[in-house]
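> the sequence and its predicted three-dimensional model are supplied below.
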Amino acid sequence: MKRTDALTAAASYFDNGSFLADLRRRVALRTESDAGAATPALESYLREELIPSMTAIGFDCEVISNPVAGGGPFLIARRTEDEHLPTLLTYGHGDVVSGQDAHWREGLAPWTLTVEGDRWYGRGTADNKGQHSINLGALAAVIQTRNGRLGYNVTALIEMGEEAASPGLHAICAQERAKLHADLLIACDGPRVRARRPTLFLGSRGAVNFSLRLRSRPRGYHSGNWGGVLANPATVLSHAVASLVDARGRILVDALRPPPVSDAVRAALASIEIGGDVDDPALDAGWGEPGLNPAERLMAWNTIEVLALGAGSPQRPVNAIPGEAVAHCQLRFVVGTPWERLGEIVRAHLDAHGFPQVDIQITLTGAATRLDVENPWVGWAQGSIEHSTGQRPDLLPNLAGSLPNDVFADLLGLPTLWVPHSYPACAQHAPNEHLLASIAREGLQIMAGLYWDLGEPGHAPWQAGRTQDVL
Ligand SMILES: [Zn+2]
């Protein structure tokens with residue numbers, strides 16, 4: 001009964017075809033959640049796929065309905081060895097974005113797992129069915145190798161609405177706080193920084209989506225008859241947007257700029273290269289905050305993006321001053337940004353710059369989180385992953401993208417470690433989504449190593465990581 005035996009057992013689950021067979025069935029269930037309705041497939045995924053696999057390794061499983069109408073169900077599965085042992089919480093999501101069936105390359109389809117060399121195509125292979133299947137497979141391998149005992153308890157929370165912005169997730173975590181009580185979160189979602197090296201990330205940037213809208217008149221007016229005497233809402237709105245962010249992507253609203261980048265975050269990001277993989281776009285020199293390197297701009301800074309712009313009819317322009325104009329914008333931000341006050345801050349900024357007539361509507365919000373890079377769990381996890389793979393993982397203080405990690409970090413008060421098993425060019429949320437088989441196999445071993453090390457007496461910093469009970 002050795003660590004290497006657990007890693008070997010996890011790799012065998014891949015090598016003997018069982019992992020592929022499990023993932024193939026899971027991909028075949030059409031668990032789209034982003035159309036705004038909870039279809040029967042969402043609950044089937046839990047009842048037909050996850051519950052049998054988890055019951056087999058000793059979990060007690062409970063499906064909980066979403067308190068938000070139209071939201072998918074949740075699974076809370078608990079494997080308790082002893083109430084006095086510490087508890088690991090894990091998280092995953094079984095829902096996926098729209099299959100976009102018509103747009104996959106010839107020979108591929110979203111609901112049929114297709115293997116082409118190292119690439120396993122299918123909706124959810126990367127986001128997130130493949131990733132939580134890796135975790136379950138690795139956990140089973142460690143339980144088997146340790147003769148049925150991990151040495152700690154495990155609770156799994158699986159949601160079926162992540163791609164619909166996680167309706168009810170906060171409510172469920174507040175309502176079921178006692179069942180979800182834990183000492184540490186280890187979960188897997190999102191991509192590695194680079195395909196060839198493991199990544200450990202500690203939180204995520206947050207996002208606030210907001211729309212700026214200027215309704216000048218109920219309809220357009222002829223530009224020859226009225227141009228020069230009627231204000232053009234598209235022109236005014238363009239200037240309003242330009243007052244928020246300059247022509248090189250630098251944020252011009254002081255209150256929406258983040259606190260200075262700390263030395264510890266700078267040091268963690270020093271070795272992180274952005275882009276350079278085959279399908280990555282070329283980076284634009286001179287774009288973004290001056291004085292920062294690309295990794296700092298992505299992971300340690302804020303950005304305001306214009307996601308969509310509208311006025312008139314761009315497909316078929318006519319000679320008219322449009323009646324209204326809209327800009328759908330987004331702030332991505334790191335911890336320490338007063339995002340809850342974004343509406344008020346942008347309002348004051350637009351008023352001060354002569355745009356009181358532009359309306360602001362907040363359409364989506366998600367908090368930023370970041371476990372302290374000096375937390376003892378961070379070095380522990382880096383060491384475990386290096387032990388399993390021979391490579392020091394890339395360490396990201398937070399993911400550049402967003403995750404609902406605030407429910408774990410803030411609501412449940414847990415140290416949060418994320419170990420992604422995907423890579424940047426996986427086409428997540430697009431046609432031709434795929435998982436790299438080589439990363440899946442390595443991911444099984446990484447997770448088996450982490451699960452093994454958590455149960456080694458005196459090895460894991462359970463005490464140091466134990467936070468005060470949340471009131
Ligand atoms: Zn996703």
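Ah, there it is.
> how many residues are close by the spatially closest residue to residue 85 that is not a sequence neighbour?
Sequence neighbours aside, residue 152 is the residue nearest to residue 85 in space, at 5.0 Å (criterion: Cβ to Cβ, 6 or more residues apart in numbering). The way it works is simple: take the backbone N, C-alpha and C, and place the C-beta from them, glycine included. Per other Cβ atoms under 10 Å, the neighbour tally for residue 152 reads 21.
> what of the one 4 residues further on?
Here the number of neighbours of residue 156 (other Cβ under 10 Å) works out to 24.
> check contacts around it.
54, 59, 75-78, 89-92 (Cβ atoms under 8 Å, 6 or more residues apart in numbering).
> does the spatially most central residue of the chain fall in a helix, a strand, or a coil region?
Geometric centre of the chain, nearest residue: residue 403, 3.6 Å, by Cα atoms, centre = their mean. Three-state call for residue 403 (DSSP: H, G, I helix; E, B strand; the rest coil): coil.
> mind checking how far it is from residue 203?
For residue 403, the distance to residue 203 equals 8 Å [Cβ to Cβ, to the nearest Å].
> now do the shared contacts for these two.
residue 418.
> can you count the residues close to residue 225?
Other residues close to residue 225 by other Cβ under 10 Å number 12.
> any idea which element it lies in?
helix 223-226 (DSSP states H and E).
> counting contacts, what elements does the helix or strand just after that helix pack onto?
For helix 223-226, the succeeding helix or strand toward the C-terminus, using DSSP H and E, is helix 233-244. For helix 233-244, the helices and strands in contact under the criterion 3 or more Cβ pairs under 8 Å, 6 or more residues apart in numbering; DSSP states H and E are strand 206-215, strand 303-311, strand 324-333, helix 342-352.
> and the contacts of helix 233-244?
Against helix 233-244 from outside (Cβ under 8 Å, 6+ apart): 212-216, 251-253, 304, 306, 311-312, 321-327, 329, 346, 349-350, 353, 355, 357-358.
> which of the residues you listed count as buried?
Buried subset of the contacts of helix 233-244 (neighbour count, 16 or more other Cβ atoms under 10 Å): 212-214, 216, 251, 253, 304, 311-312, 321-327, 329, 346, 349-350, 353, 355, 358.
> circling back to that earlier point, in CSV, list the helices and strands packed on helix 233-244 along with distance to residue 29 and mean pLDDT.
Formatted as CSV, these follow (distance: least, Cβ to Cβ, whole Å; pLDDT from 0 to 100):
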stretch, distance to residue 29, mean pLDDT
strand 206-215, 28, 97
strand 303-311, 31, 96
strand 324-333, 31, 98
helix 342-352, 38, 98
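> now those in JSON lines, with distance to residue 128?
Formatted as JSON lines, the helices and strands packed on helix 233-244 follow (distance: least, Cβ to Cβ, whole Å):
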{"stretch": "strand 206-215", "distance to residue 128": "18"}
{"stretch": "strand 303-311", "distance to residue 128": "23"}
{"stretch": "strand 324-333", "distance to residue 128": "21"}
{"stretch": "helix 342-352", "distance to residue 128": "28"}
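> so which of those is nearest residue 108?
Closest of these to residue 108 is strand 303-311, at 27.8 Å (criterion: Cβ to Cβ).
> by how many degrees do the closest one and strand 206-215 diverge?
Relative orientation of strand 303-311 and strand 206-215, computed by axes from the mean of the first three to the mean of the last three Cα atoms, to 10 degrees: 30 degrees.
> strand partners of strand 303-311, parallel vs antiparallel please.
strand 324-333 (antiparallel) (DSSP bridges).
> is the nearest residue to residue 176 once chain neighbours are set aside in a helix, a strand, or coil?
Spatial nearest neighbour of residue 176, chain neighbours left out: residue 76 (6.1 Å); criterion: Cβ to Cβ, 6+ apart. Following three-state DSSP, residue 76 is assigned to strand.
> check contacts around residue 76.
61-62, 64, 155-157, 176, 179-180.
> 10 Å instead, please
Residues near residue 76 by Cβ atoms under 10 Å, 6 or more residues apart in numbering: 59-64, 155-158, 172, 176, 179-180.
> again with residue 368
Per Cβ under 10 Å, 6+ apart, neighbours of residue 368: 203-207, 258, 302, 332-337, 339, 398-399, 402-403, 405-406, 409.
> now swap in residue 74 and tell me
Contacts of residue 74 (Cβ under 10 Å, 6+ apart): 46, 62-67, 93, 157-161, 168-169, 172-173, 176.
> now list the buried members of the residues you listed.
Buried, going by 16+ other Cβ under 10 Å: 46, 63-64, 66, 93, 157-161, 168-169, 172-173, 176, out of these.
> all strands for the stretch 251-400 of the chain, in order.
303-311, 320-321, 324-333, 359-366, 369-370, 394-396 (DSSP state E, counting those that start in this stretch).
> for residue 440, which of the ones you listed is the nearest?
strand 394-396 (18.1 Å).
> helices and strands around that closest one, which ones?
strand 199-201, helix 263-269, helix 294-299, helix 376-389 (3 or more Cβ pairs under 10 Å, 6 or more residues apart in numbering; DSSP states H and E).
> just the CA atoms of the helix holding residue 225, as CSV, please.
The C-alpha trace of helix 223-226 is given here as CSV (Å, rounded to 0.1, in the frame of the first residue of the first chain):
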residue,chain,number,x,y,z
SER,A,223,-29.5,62.6,-41.3
GLY,A,224,-29.7,65.2,-44.0
ASN,A,225,-32.8,66.9,-42.7
TRP,A,226,-31.8,66.8,-39.0
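> can you list the residues that contact it?
So helix 223-226 is contacted by 217, 220, 230, 232, 318-322 (Cβ under 10 Å, 6+ apart).
> what's the weakest-modelled helix or strand in this protein?
helix 462-465 (a mean of 62; mean pLDDT, DSSP states H and E).
> the helix or strand residue 451 falls within to helix 376-389, inter-axis angle?
Using DSSP H and E, the element containing residue 451 is helix 437-454. Counting by the same axes, to 10 degrees, helix 437-454 lies at 130 degrees to helix 376-389.
> pull out the buried residues from helix 437-454.
Those would be 437, 439-454, for helix 437-454 by 16+ other Cβ under 10 Å.
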